[in-house]
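Asker: return atomic coordinates for the entry below.
(chains A, B, C and D)
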Protein chains: 2
Amino acid sequence: MTDPSDAAIASADGRGERRSIPDATVARLAVYLRALTALAEQGTVTVSSEELASVAGVNSAKLRKDLSYLGSYGVRGVGYDVALLVERIARGLGLTRGRAVALIGIGNLGHALAGYGGFATRGFRIAALLDADTSRVGELIAGLTVRHIDELAEIVRSEQVSIGVIATPAQAAQDVCDRLVEAGVTSILNFAPAVLAVPEYVDVRKVDLAVELQILSFHEQRKSLRTRSRRRAGLEEVG
Amino acid sequence: MTDPSDAAIASADGRGERRSIPDATVARLAVYLRALTALAEQGTVTVSSEELASVAGVNSAKLRKDLSYLGSYGVRGVGYDVALLVERIARGLGLTRGRAVALIGIGNLGHALAGYGGFATRGFRIAALLDADTSRVGELIAGLTVRHIDELAEIVRSEQVSIGVIATPAQAAQDVCDRLVEAGVTSILNFAPAVLAVPEYVDVRKVDLAVELQILSFHEQRKSLRTRSRRRAGLEEVG
DNA sequence: TAATGTGAAGCTTTTCACAGCC
DNA sequence: GGCTGTGAAAAGCTTCACATTA
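Answerer: Next comes the predicted model:
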């Protein structure tokens, strides 16, 4: 908690507290990090903004601007050192000390999340699996024993949990959320299809499968409408 | 395919093709739809922008502007008719004809997605479960038999699949994506932690658990940095 | 009167384009 | 010569505030 290297993040350029990184940039930094890790694994040492942008699926100007919020870590005429950039982004995102995550709701989705290897490799540690259903308590999943949700507050304290993941049915989500907030958790990732009410100091991100599909559905519809309009327009132009 | 009611979407206001709905609005419309469905279930007939906004977690001006892209369906001094709005949003998002979805990759996550009830209730139909692993082929999940990925093209044609969901490991994702595109699928929801390369006419949305956690991690970090800076600033102000 | 619908203002994000540096 | 870093312009999104209307 008093690691001096952390203070450097806020003032890495030596001119006091850095201007906050835009939300849109933060989301992309996480994607760049994944791409860079893959590049590092296959032995790439240096990468240009053009190359990295193409791998990450953005344009190079945006990538350069995004990286510039972390500081000036590129070399003109050369590009970026992959290992250095991985380190800087990880630090910028606060991934240097494997944050503890509590996963609540061990149904189908909870099982899948518990078994997801990406947690450990990408800066997180599952500290606990919790469920309200006593018949699930005691089950062993991915090396962890499912515990009862009533133990939440104690676990959050002892394991220093800073992120809660809600994978319960929608009806249970707000209650679980309240318990997390009560226990002192200030970041929540919500997979339940429900909007959570939280104090303003708590961050919530949500993943809703049906919403994602509905967004795709909208664009699908526009594709077919466009085709039809073009057809109509074509006929009109002839006349 | 020649349902005349669809043409009305593009020109519902009688003044020719409507200006395209902003992406940010489309994403929220899906959330409003969920909230409205819940309200309808509990018997609410009419709702004001203020009420609906609060349930959906946005402010009322934004909600009204979002809804205005669909047309003028509110009543001044009264609010919105819940059932009418559900219908208009569903139509606006293209949810009127249960789109067929193919789910590829029946591991932990694939199982969870296959068992997710929200598909059917929110405008979609799982047309097929597919996997490359022959030992998984034949397994029965949620009433569907897992089939081999080589059958993809045929299934897409016969079932009119318009959306593909990729739940494979990262290494397999691009190959599966290519097969989907080849088969004529133009919308893809990708759960694999990989950036997919697709032709410009194909829409891809991605869900990456680790990216979501990393975004939360960034904000967590800022919370603790802010606290520390305040502490520091406090000391300095005293001197 | 109560609440919608919407121009206009303000803010954020993206893109451009090129100076600066290795 | 080649590529980064970044002001400035453009585009997109949110919020304001109020005229409008049932």
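Asker: so what does the strand of greatest length in chain A touch, helix or strand wise?
Answerer: In chain A, assigned by DSSP state E, the strand with the most residues is strand A:124-131. Helices and strands touching strand A:124-131, by 3 or more Cβ pairs under 8 Å, 6 or more residues apart in numbering or on different chains; DSSP states H and E, are strand A:99-104, helix A:108-114, helix A:118-121, strand A:144-148, helix A:152-159, strand A:161-166, helix B:209-238. Every C-beta, even on glycine, is put in place using the N, C-alpha and C of the backbone.
Asker: try 7 Å
Answerer: Packed against strand A:124-131, as judged by 3 or more Cβ pairs under 7 Å, 6 or more residues apart in numbering or on different chains; DSSP states H and E, are the following elements: strand A:99-104, strand A:144-148, helix A:152-159.
Asker: comparing those, which comes out most buried?
Answerer: Mean neighbour count (mean count of other Cβ atoms under 10 Å in any protein chain shown) peaks for strand A:99-104 among the helices and strands packed on strand A:124-131, with a mean of 24.
Asker: picking up where we left off before, what average pLDDT does the longest strand of chain A get?
Answerer: What strand A:124-131 shows for mean pLDDT is 97.
Asker: which positions within it qualify as buried?
Answerer: With burial defined by 16 or more other Cβ atoms under 10 Å in any protein chain shown, the residues of strand A:124-131 counted as buried are A:F124, A:I126, A:A127, A:A128, A:L129, A:L130, A:D131.
Asker: give me the number of residues near the residue nearest to A:P169 when sequence neighbours are not counted?
Answerer: Excluding its sequence neighbours, the residue lying closest to A:P169 (Cβ to Cβ, 6 or more residues apart in numbering or on different chains) is A:A192, at 6.5 Å. Residues lying near A:A192 (other Cβ atoms under 10 Å in any protein chain shown) number 23.
Asker: how about A:A192, secondary structure?
Answerer: Using DSSP: H, G, I helix; E, B strand; the rest coil, the structure places A:A192 in coil.
Asker: next one, pLDDT for it please.
Answerer: Looking at A:A192, its pLDDT reads 98.
Asker: quick one, what contacts it?
Answerer: Counting by Cβ atoms under 7 Å, 6 or more residues apart in numbering or on different chains, A:A192 touches A:I166, A:T168, A:P169, A:A170, A:A173.
Asker: isn't the second one right next to A:I106, touching?
Answerer: If I follow you right, that is A:T168. No - counting by Cβ atoms under 7 Å, A:T168 sits too far from A:I106 to count as a contact (9.1 Å).
Asker: close to DNA strand C: what parts of chain A are there?
Answerer: Contact residues, chain A versus DNA strand C (Cβ under 7 Å from any atom of the strand): A:22-25, A:58-59, A:61-62, A:64-65, A:75-78.
Asker: just the ones of the residues you listed in strands?
Answerer: Under the assignment DSSP E, those contribute A:V75 to strands.
Asker: show me which of the residues of chain A next to DNA strand C neighbour chain B.
Answerer: Residues of these in contact with chain B (Cβ under 7 Å from any Cβ of the partner chain): none.
Asker: want to try JSON lines for the residues of chain A next to DNA strand C, with pLDDT, distance to B:L144 and neighbour count as columns?
Answerer: Below are the residues of chain A next to DNA strand C laid out as JSON lines (pLDDT from 0 to 100; distance: Cβ to Cβ, whole Å; neighbours: other Cβ atoms under 10 Å in any protein chain shown):
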{"residue": "A:P22", "pLDDT": "97", "distance to B:L144": "43", "neighbour count": "12"}
{"residue": "A:D23", "pLDDT": "97", "distance to B:L144": "39", "neighbour count": "11"}
{"residue": "A:A24", "pLDDT": "98", "distance to B:L144": "38", "neighbour count": "10"}
{"residue": "A:T25", "pLDDT": "98", "distance to B:L144": "41", "neighbour count": "20"}
{"residue": "A:V58", "pLDDT": "97", "distance to B:L144": "37", "neighbour count": "18"}
{"residue": "A:N59", "pLDDT": "97", "distance to B:L144": "40", "neighbour count": "12"}
{"residue": "A:A61", "pLDDT": "98", "distance to B:L144": "45", "neighbour count": "10"}
{"residue": "A:K62", "pLDDT": "98", "distance to B:L144": "41", "neighbour count": "15"}
{"residue": "A:R64", "pLDDT": "98", "distance to B:L144": "46", "neighbour count": "16"}
{"residue": "A:K65", "pLDDT": "98", "distance to B:L144": "46", "neighbour count": "12"}
{"residue": "A:V75", "pLDDT": "98", "distance to B:L144": "53", "neighbour count": "11"}
{"residue": "A:R76", "pLDDT": "98", "distance to B:L144": "55", "neighbour count": "6"}
{"residue": "A:G77", "pLDDT": "97", "distance to B:L144": "56", "neighbour count": "6"}
{"residue": "A:V78", "pLDDT": "98", "distance to B:L144": "53", "neighbour count": "10"}
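Asker: which among the residues of chain A next to DNA strand C gets closest to A:A102?
Answerer: Distance to A:A102 across the residues of chain A next to DNA strand C (Cβ to Cβ) is lowest for A:D23, with 24.4 Å.
Asker: and the closest one, how far from A:I149?
Answerer: For A:D23, the distance to A:I149 (Cβ to Cβ, to the nearest Å) stands at 31 Å.
Asker: do the same with A:E212
Answerer: Taking Cβ to Cβ, one finds A:E212 at 28 Å from A:I149.
Asker: sorry, back to before: roughly how far out does the longest strand of chain A sit from the chain middle?
Answerer: 16 Å (Cα atoms, centre = their mean, to the nearest Å).
Asker: flag the shaky bits of chain A, pLDDT-wise.
Answerer: For chain A, residues meeting the criterion pLDDT under 70 lie at A:1-19, A:226, A:228-239.
Asker: so A:L213 touches B:I163, yeah?
Answerer: Yes - counting by Cβ under 7 Å, A:L213 does reach B:I163; the two are 6.3 Å apart.
Asker: tell me, what's touching these two both at once?
Answerer: Joint contacts of A:L213 and B:I163 (Cβ under 7 Å, 6+ apart) are B:V101, B:L189.
Asker: hang on, the earlier thing: need the helices and strands packed on strand A:124-131 in JSON lines (columns: distance to B:A112).
Answerer: As requested, these are exported to JSON lines (distance: least, Cβ to Cβ, whole Å):
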{"stretch": "strand A:99-104", "distance to B:A112": "13"}
{"stretch": "strand A:144-148", "distance to B:A112": "16"}
{"stretch": "helix A:152-159", "distance to B:A112": "23"}
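Asker: distance to chain B added to these, as TSV?
Answerer: Below are these laid out as TSV (distance: least, Cβ to the nearest Cβ, whole Å):
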stretch	distance to chain B
strand A:99-104	6
strand A:144-148	15
helix A:152-159	13
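Asker: now render the ones you listed as JSON lines, adding distance to DNA strand D.
Answerer: Listed next are those as JSON lines, based on distance: least, Cβ to the nearest atom of the strand, whole Å:
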{"stretch": "strand A:99-104", "distance to DNA strand D": "28"}
{"stretch": "strand A:144-148", "distance to DNA strand D": "38"}
{"stretch": "helix A:152-159", "distance to DNA strand D": "31"}
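Asker: cheers, nothing more for now.
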